[in-house]
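**Student:** fold the following for me, if possible:
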Amino acid sequence: MSIYARFGVRTVINATGTVTRLGGALMEKEILDAMWEAGQYSVCLEELQAAASQVISRLTHAEAGIVTAGASAALTLAAAACICCLDVAKMDRLPDTSKMPNEVIKPWHQISGFDHAIRAAGAELIGVGIPNSTTPPQEVHFIQVRELEAAISEQTVAIAYAVRAGSHPPLEEVIALGKRYGIPVIVDAAAQIPPVENLHRFIDLGADLVCFSGGKGIRGPQNTGILCGKKDLIASAALQMLDMAVGSFDDWEPPTSLIPKDRLKGVPEHGIGRSMKVSKEAIIGLLVALERLATDGFDRKAAYLRTLLQEIGERIQGVPGVALQIAEDYPGAYPMLAITIDEKVLGKSAADISKQLKAEGIYPRERYLHRGVVAIHSLNLDERTAALVGERLAAILN
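**Tutor:** Numbering: from 1, shown residues only. Sure thing, here's the model as predicted:
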């Protein structure tokens, strides 16, 4: 009996990808073993985060970094850092930002539900751009960097930018704008790994803070993320997340590589990030996953997953009304098997097939159903689950 069966919960095959609702990416044994070992000891979390900063800095090219409770927590802490920097009095007030600069500007077409994380710090999110009523609803007004510039005021503490296909203005121009005005640029790159090069791409471009998910392409614990960037801003984020309740400020000795005590007037008492604390086990799991990915982890894993998809494809090759292609969501991503359905020939739609698969505990990627495509994402497959997916697809399609 599995641990989930013990508590009356069914397990499913996640052929969707890294979605949170299905638990994100499955972790490899090396990562789980590291987390188990980490759970056998007690450590000072500020020292562990300082060590994590060294690893993150090396792999992201950032001045510093911390492990967060997911990319959403990274966004909240990023906004809090831009509002407060190293002002402890401001940290103690958040999310109350009355009578202090608190505006974060962002292109309208990039704003989504994920931006509740920015507002949670007490920031006022300012959408930039205008709707274009002459274009189809799914299209947006193409925002120019001058429009972002026009939105900058004395209340502006940061510019936020979400990296995804079609994001505009070009990130390079936004970063240049931020530097011209001395305003930090926060990059939400939660789902932008792989490719592995993206670990350092945004920092190399000059971004001040970058947020990554730890439980997606990095394949670490689902409740982890990374916030990396400028040292002072990372120090501010760390101060507002870590348990800094100490008896005496004079006797407090935080790791100087992460926290500049000499520039502080005190210690924040349980900052805005207190509810976003990260366990020592999760930090270790993320670091092991990150180092594994940055060596040969992605190339090796992607080649293995491509083989599994080819085996699934062989089970349904030649079915009338079915076309197959191993593809990627974007260049350098983990592979998926795109199954294009000709409903007139097959007698059932892509949505019908997806519904049948889910009824049997197999959750395909449904993002492309409107195009008549059922996608089998490979990230969470192994020999056993791939064989089950191939078997059920063959039965449904035939």
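
**Student:** can you get me a residue count around Ala51?
**Tutor:** When counting by other Cβ atoms under 10 Å, one arrives at 17 neighbours for Ala51. Any C-beta I mention is one placed from the backbone N, CA and C, and that applies to glycine too.

**Student:** from Gly229, how far off is Gly273?
**Tutor:** 16 Å (Cβ to Cβ, to the nearest Å).

**Student:** for the record, mean pLDDT for stretch 390-398?
**Tutor:** Stretch 390-398 shows a mean pLDDT of 93.

**Student:** list of residues touching it?
**Tutor:** With contacts defined as Cβ atoms under 8 Å, 6 or more residues apart in numbering, stretch 390-398 is touched by 311-312, 314-316, 319, 322, 339, 346, 353, 356-357, 360, 362, 376.

**Student:** right, and Ala165 touches Tyr330 too?
**Tutor:** Yes: counting by Cβ atoms under 8 Å, Ala165 touches Tyr330, with 6.4 Å between them.

**Student:** and these two? which has more neighbours close in?
**Tutor:** Applying other Cβ under 10 Å to Ala165 and Tyr330 shows that Tyr330 carries more neighbours, namely 12 against 6.

**Student:** the more buried one contacts Gly166, doesn't it?
**Tutor:** No: if you go by Cβ under 8 Å, Tyr330 and Gly166 don't touch, sitting 11.1 Å apart.

**Student:** which one (most neighbours) among the contacts of stretch 390-398?
**Tutor:** That'd be Ile376 among those, by other Cβ under 10 Å, with 28 neighbours.

**Student:** related to what we said a few turns ago, so, if you compare the contacts of stretch 390-398, which one comes nearest to Ser42?
**Tutor:** Ile362 (41.7 Å; Cβ to Cβ).

**Student:** residues contacting the host helix or strand of Arg300, please?
**Tutor:** Element membership for Arg300, per DSSP states H and E: helix 298-316. Helix 298-316 is contacted from outside by 194-196, 217, 219, 322, 324, 326, 334-337, 339, 376, 378-379, 381-383, 386-387, 389-391, 393-394, 397, using Cβ under 8 Å, 6+ apart.

**Student:** what do you get if the cut-off is 6 Å, keeping everything else the same?
**Tutor:** Residues from elsewhere that reach helix 298-316 (Cβ atoms under 6 Å, 6 or more residues apart in numbering): 194, 196, 324, 326, 335, 337, 378, 381, 386, 389-390, 393-394, 397.

**Student:** same question for stretch 317-326.
**Tutor:** Stretch 317-326 has contacts (Cβ under 6 Å, 6+ apart) with 309, 313, 335, 337-338, 340, 342, 345-346, 397.

**Student:** doesn't Leu388 belong to a helix?
**Tutor:** Yes: the assignment for Leu388 by DSSP: H, G, I helix; E, B strand; the rest coil puts it in a helix.

**Student:** which residue ranges of the stretch 251-398 of the chain form strands?
**Tutor:** In the stretch 251-398 of the chain, the segments counted as strands under DSSP state E, counting those that start in this stretch are 322-328, 335-341, 362-364, 373-377.

**Student:** so what does the third one touch, helix or strand wise?
**Tutor:** Looking back up the chat, that one is strand 362-364. strand 13-15 (3 or more Cβ pairs under 6 Å, 6 or more residues apart in numbering; DSSP states H and E).

**Student:** got the contact list for the strand it packs on?
**Tutor:** By Cβ under 6 Å, 6+ apart, strand 13-15 touches 22, 362-364, 376-377, 380, 385.

**Student:** by contact count, what packs against the helix or strand just after that strand?
**Tutor:** Counting by DSSP H and E, the element after strand 13-15 in chain order, helix or strand, is helix 29-38. Applying 3+ Cβ pairs under 6 Å, 6+ apart, we find helix 29-38 packed against helix 280-292.

**Student:** okay, now the unreliable bits of the stretch 201-350 of the chain?
**Tutor:** 244-246, 297 (pLDDT under 70).

**Student:** run the last query once more with 50
**Tutor:** Along the stretch 201-350 of the chain, no part satisfies pLDDT under 50.

**Student:** ends of stretch 84-100, what's the gap?
**Tutor:** Taking Cα to Cα, to the nearest Å, stretch 84-100 runs 9 Å from one end to the other.

**Student:** quick one: buried residues of it?
**Tutor:** 84-86, 88, 90-94, 97, 100 (16 or more other Cβ atoms under 10 Å).

**Student:** report the separation between Gln310 and His168.
**Tutor:** 37 Å.

**Student:** neighbour count winner among these two?
**Tutor:** With neighbours defined as other Cβ under 10 Å, Gln310 and His168 compare such that His168 has more, 18 against 15.

**Student:** okay, the more buried one and Tyr181: tell me how far apart.
**Tutor:** From His168 to Tyr181 the distance is 19 Å (Cβ to Cβ).

**Student:** repeat for Leu59
**Tutor:** Distance from Leu59 to Tyr181, by Cβ to Cβ: 29 Å.

**Student:** the more surrounded of these two?
**Tutor:** Leu59 (19 against 11).
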